[in-house]
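1. Okay, sequence plus prediction incoming.
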2 protein chains.
Amino acid sequence: MASASKKTSACPHHGGSLPPPKLVSAAPDTVAVWSDADDQRASKVSLESVIRPVDSFPDNTAKKPANKGISVMPRTETKHPLDPLSAAEISVAVATVRAAGANPEVRDGMRFIEVASVEPDKQVVALADAYFFPPFQPSLLPRTKSGPVIPMKLPPRRARLVVYNQKSNETSVWIVALSEVHAVTRGGHHRGRVVSSQVIPDVQPPMDAAEYAECEAIVKDFPPFIEAMKRRGIEDMDLVMVDPWCVGYHSEADAPSRRLAKPLIYCRTDSDSPMENGYARPVEGIYVLVDMQNMVVIEFEDRKFVPLPPPDPLRNYTPGESRGGVDRSDVKPLQIIQPEGPSFRVRGYFVEWQKWNFRIGFTPREGLVIHSVAYVDGSRGRRPVAHRLSFVEMVVPYGDPNEPHYRKNAFDAGEDGLGKNAHSLKKGCDCLGSIKYFDAHFTNFTGGVETIENCVCLHEEDHGILWKHQDWRTGLAEVRRSRRLTVSFLCTVANYEYGFYWHFYQDGKIEAEVKLTGILSLGALQPGETRKYGTTIAPGLYAPVHQHFFIARMDMSVDCKPAEAFNQVVEVNVRVDERGENNVHNNAFYAEEKLLKSEAVAMRDCDPLSARHWIVRNTRTVNRTGQLTGYKLVPGSNCLPLARPEAKFLRRAAFLKHNLWVTRYAPDEKFPGGEFPNQNPRAGEGLATWVKQNRSLEESDVVLWYVFGITHVPRLEDWPVMPVEHIGFTLMPHGFFNCSPAVDVPPNPCELETKESEVKEVVAPKALQTGLLSKL
Amino acid sequence: MASASKKTSACPHHGGSLPPPKLVSAAPDTVAVWSDADDQRASKVSLESVIRPVDSFPDNTAKKPANKGISVMPRTETKHPLDPLSAAEISVAVATVRAAGANPEVRDGMRFIEVASVEPDKQVVALADAYFFPPFQPSLLPRTKSGPVIPMKLPPRRARLVVYNQKSNETSVWIVALSEVHAVTRGGHHRGRVVSSQVIPDVQPPMDAAEYAECEAIVKDFPPFIEAMKRRGIEDMDLVMVDPWCVGYHSEADAPSRRLAKPLIYCRTDSDSPMENGYARPVEGIYVLVDMQNMVVIEFEDRKFVPLPPPDPLRNYTPGESRGGVDRSDVKPLQIIQPEGPSFRVRGYFVEWQKWNFRIGFTPREGLVIHSVAYVDGSRGRRPVAHRLSFVEMVVPYGDPNEPHYRKNAFDAGEDGLGKNAHSLKKGCDCLGSIKYFDAHFTNFTGGVETIENCVCLHEEDHGILWKHQDWRTGLAEVRRSRRLTVSFLCTVANYEYGFYWHFYQDGKIEAEVKLTGILSLGALQPGETRKYGTTIAPGLYAPVHQHFFIARMDMSVDCKPAEAFNQVVEVNVRVDERGENNVHNNAFYAEEKLLKSEAVAMRDCDPLSARHWIVRNTRTVNRTGQLTGYKLVPGSNCLPLARPEAKFLRRAAFLKHNLWVTRYAPDEKFPGGEFPNQNPRAGEGLATWVKQNRSLEESDVVLWYVFGITHVPRLEDWPVMPVEHIGFTLMPHGFFNCSPAVDVPPNPCELETKESEVKEVVAPKALQTGLLSKL
């Protein structure tokens, strides 16, 4: 549904002969100005009152200015609006909120769950990118009749804090303007300015590691618990592990009026293994309900006696002797050497690599965020693909109807936080090659600032053959190797580890990959008991079947300049043609496209048999064959929830009911089950509710929510630590380029044919010296 | 369905305290002896008459003898029964057959389509592996009351030749014993011995590259063709490309009584590009039928005039200037260095790596074959997993009902040969790191011997994280990196390239991966014409939608010692539990197993919604939890044919109608559509016929035939050379091991935290010197 003015395109790899596109310059009459009264909804006032048009910009960019003739004003900004908060900013934000507490009791009760930067309106980001920060695109500055409009400065950065008050059990969201934060770094104690503060009724924010530790301590101190342990032969409480799990919402008793946890109990074997695997000995039958606000056990019942599984000799995973085993000694070193350094370039959080550029972000909830993804396409310049890519929720429902497994439905982002639980990565073991690490800064529960060093890893990988053709007539061949750029982070939520990877390819593909590893969540069985809901891993030790679901939120911007909302989504199914005269050979099939016109009809599921996929198209830009340019979402393997629709967790996770949702961008629609799924009593909050607005998607700023999962029937080989399983999907250019963007990747030097460079044949004990055999 | 005697097992990685299993030693009373009268079906005669039991073997293995106390006789064998034919053996086989030709005319007419070694009976392979060749397992030698039976020598290697007689149009299959082949290497001209020769009625063997070249020449010489070219403005016949395509079987006219081809015509643009892409200019509307036996055009019709598409400026793919483009200059070198060499060890075609061992084979039809796959599992010794893994067929049906696309249904193995069309790989571009290459030897059409150097590539790759767990309480973590061993080859069939990869992992996984690249098979359109059956790539240039199907044949031997046929296949579906008192939370689901009892009920399709997968189980061996040991086939993304059941190619490719077939091993059941799918008039030959025997699969030597495909809706970005698309599946241990076999992989040395080793931040033009920012 391409409308009037269509931008056509050349293919730069070819210095193509087609005319470069006209730059569409439509200056909005107004630009967003940030008064303190508003926080999220930036009020719009007339442009002239704030910034003045100039006819030229003084030039101080290192690179040739992107647009000749437009000189640039001296830049005053130091942090890009999308940069994660610095440690200093976090401490100012916390101090500001704490100081604003109504009274000492309120202030003392404040616990800081999440502090993240307020991602400003997209037009502010555009201004930043146009003038203050790379990619420096002054051509995209709004213009008036008298010329481009120069922003004197960007609106102050803001922090958004989710604060839980342990005294009042209230959850509040604060917005703090961080205009004068730098003072803090010179020792001064400075405040930001509270822009807004709002109590959010009837919610429980995510749990914090500090609460886990405190909960473990009070449960282990609880006399009836100590008794119950004794009844099971456990005397040494130091061996006991209490993993608090959120309670979900199964009935009124789980209402958010109380902050609750129902821990799972394990007991380590007394051994000197540094990482004795306590998960090998689940302690069943003990029901504990903890009031996490007051850190008090409020319900306790020793319901069922199940003997502790015997210490499994195969439970530990530390090197060699320390687990009672022997490690392999025949893994030879393999090094990845990049003698000239990596091919990427990093400026702050701005990354450039092989025509891609994007910004790295990080939030306590999502972890890694990829902002402003664009591809520099020769004469067509920087072509946006997506505003924002991230993983926004995970749900892991278990299939055993018995206590406690039925209530194990972790929302790892919404109940814990993927970013808050991220690892500090180590070069050589977590990552290989030339690595650029990014640290991440967080608030801890009591408002202190913590830094996870080397939290995000940026590195390149050789990925085998990119493309090849060999002419059968001449034997001549052209082959190219694929190099990919990988941005990743890893996190642990209790027993499980998840790695989140975004791979960028030279052929325009973006691959999202999740790696699952870590330790199975086990249960103990009565001697001789077996259950059809899982796999017996060792005597008395049982791993229930479960599913892992991941939700990627992709705010797309295919070929959209700032403020343009010219995208739509079409579903493609390959259909079998009717019998008849047009299909006399009965071989015919074709790709049928259907526009997803509005949100209510954009709840879709995968269908591998029709090769179903979805293309995000720009409604105003065409490729050289007159087709709208697009990027397609190609599912990998996927599934749907196996629990019945009435399962309680599906009230909070209604978004699992479909593999794809498409919404019209709205700044506060960030999390598929709403911002506070923990103990959420409201069924269908989030996507299931937003799409009832059935907003039109015919031409808008579309957000894809892709829900993908894996059904895990545990194996003995998943114990003691599960070898990585992979799952993911791909965003592929579909008519976005006029030809393969990888055609201009230069050939790798093929090494000379010297047989020496090859690996030598191992001479057998009695050398097999027949003439030809030595040729192998 | 475990029967009486169950072998239990320890987990070696742990020096586990469980007792080592009893070695089951059951010696067959007879051993196979090879009289010349029989070829495939080795006759069984009593053991004593051939080889004599000894109480000890003289020891001459390099390693400590696998079984103490059993010394080994001096070995006389130089080639393992599964080794591919050497060049000398091929030339002897060809010479022997040619000499056996009844008369000069018969001899002159002989054309040699395929020569491959006859893979002997599995018991011969077992003898070879027990005594003559690595893995040297004398314990597996058949035994009599008086002790182990020592084979004095193995039966002579044999060659199997598919010969097409250009004079008689007859196809014959010859078996030649190669007992005295070595004489040839000393200059003597020696014959093997014809064991059998059989004319195969009503078949056409695969085409040969020599026939393609000859066909192109006669068509280009054919006056009416030259006229038709002129009508289209083509004067220079050197620019014309004639790609012969097999005709399939659409009617009686395609019967194998004639050897036929219907070429597709293309015309290069006159340019000095070394690899001018002629596929960019399809010449439509010319119908040519060629008698390939007599190399004569027998039907010709210029049916439709479609102007040649204009030379597309984006059609070529050679480096930079030579294609009229500019290559990237910012891809920095990335080297993979293995200072101590690779971790694998190669002896002839026998490969050992990280407890895996297997033999590499190669045939003209299949290309790479992986034989005798086994895992050395500590105290349990060498545990077989599969007898033989290979890709045995490929079919690529097109979805456009128009001429010529409806008849484009290439059977790339059965009509051309994947091995015969393999590439000679180059280190640095095709492969990276420490590579071990294997050459492959073939006969050409006229019986000469040709060698493709560096045809199979064996190399290791770092594959990211293998497993990781971080204890949230202590922050302590254990992480291991994954190393995989990859065996691969690449081939070209006309315009398309396919790479076939078998990846072996340290966690017991085997991954089969196919990489698709090469050039789309295009058609030309009338000016302004569009077709729903494909994608317009450039003005007048159109790529029809199509599917690629691959068939992997996996003769499994999970935990089966030689001559044991103790496998069965169960299908696993994860089912939603009934509502009711056992499912009060409506969350319950469980893995349901169903034994595929016989071939007729083992025709199955993928079902991602039930996480369907198939486990090959040993019926007599259990793991430590009493479950039968197994390996499971886990599908990747897959599909089914979109053509209607009546489509003609499905007569020959009935095997595409299901994703999985399971048969009872039979030595002559090698190819899913029978050995000669080219112009095959017989519907349902191969799998669809074999399974009608409905042989029991309850406990047998099972062969899995996994059919997997991808539906390809072409994109502009697939032009001029398609960036690699990946598809595949995985064989995963499922209760085969008692715990993760990867737990004993040693940790990689984590590099010291020196920030220097990290990639430096690029200092922005105006250094952003706030205190904290420089931390990033």
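-> That came through, no problem.
2. quick one: the closest residue to A:G684 other than its chain neighbours from A:R664, how far?
-> In space, and not counting its chain neighbours, A:G684 is closest to A:A654: 4.3 Å by CB to CB, 6 or more residues apart in numbering or on different chains. (C-beta placed from N, C-alpha, C; glycine too.) Taken as CB to CB, to the nearest Å, the spacing of A:A654 relative to A:R664 amounts to 19 Å.
3. Name the helix or strand of chain A that has the lowest mean pLDDT.
-> For chain A, using mean pLDDT, DSSP states H and E, the weakest element among its helices and strands is strand A:30-32, scoring a mean of 25.
4. how about the strands of the stretch 351-500 of chain A, start to end?
-> A:356-363, A:367-376, A:382-397, A:409-411, A:436-443, A:449-470, A:477-493, A:496-505 (DSSP state E, counting those that start in this stretch).
5. Tell me how far stretch A:256-271 lies from the chain's centre.
-> 27 Å (CA atoms, centre = their mean, to the nearest Å).
6. pLDDT weak spots in the stretch 151-300 of chain A?
-> A:180-190 (pLDDT under 70).
7. residues near A:L609, how many?
-> When neighbours are counted by other CB atoms under 10 Å in any protein chain shown, A:L609 registers 15.
8. just A:L239 next, same as before
-> Around A:L239 there are 17 residues (other CB under 10 Å).
9. now A:K145
-> By the criterion of other CB under 10 Å, A:K145 has 6 neighbours.
10. got it, and A:A563?
-> 15.
11. mind checking how far it is from A:S700?
-> 13 Å.
12. do the same with A:Y398
-> Counting by CB to CB, the gap from A:Y398 to A:S700 is 38 Å.
13. quick one, which of these two is more surrounded?
-> A:Y398 (28 against 20).
14. For the helix or strand harbouring A:L289, give me every contacting residue.
-> Take DSSP states H and E as the rule and A:L289 turns out to sit in strand A:286-291. Strand A:286-291 is contacted by residues A:215, A:218-219, A:222, A:225, A:228, A:242, A:244, A:247, A:258-263, A:265, A:296-303, A:403 when judged by CB atoms under 8 Å, 6 or more residues apart in numbering or on different chains.
15. Only the buried members of those residues: can you turn that into a ChimeraX selection?
-> The buried residues among these can be selected in ChimeraX (16 or more other CB atoms under 10 Å in any protein chain shown) with this line:
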select /A:215,218,219,222,225,228,242,244,247,258,259,260,261,262,263,265,297,300,302
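16. Okay, and which of the contacts of strand A:286-291 map to helices?
-> Judged by DSSP state H, helices contain the following of the contacts of strand A:286-291: A:C215, A:I218, A:V219, A:F225, A:A228.
17. Is it correct that the fourth one is in contact with A:V219?
-> Yes. Using CB atoms under 8 Å, A:F225 is in contact with A:V219, at 5.6 Å.
18. between the two, what contacts are shared?
-> Counting by CB under 8 Å, 6+ apart, the common neighbours of A:F225 and A:V219 are A:V288, A:V297.
19. Can you list the low-confidence ranges for chain A?
-> In chain A, residues with pLDDT under 70: A:1-77, A:180-190, A:751-776.
20. The residue nearest the centre of it bridge partners, please.
-> Centroid-nearest residue in chain A: A:F391, 2.9 Å away (criterion: CA atoms, centre = their mean). Assessed by DSSP bridges, A:F391 has beta-bridge partners A:A552.
21. do the same with A:E725
-> Bridge pairing for A:E725 - DSSP bridges - gives A:L516.
22. Turn the ones in helices among the contacts of strand A:286-291 into a markdown table, including distance to chain B.
-> Output for the ones in helices among the contacts of strand A:286-291, formatted as a markdown table (distance: CB to the nearest CB, whole Å):
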| residue | distance to chain B |
| --- | --- |
| A:C215 | 12 |
| A:I218 | 15 |
| A:V219 | 14 |
| A:F225 | 18 |
| A:A228 | 21 |
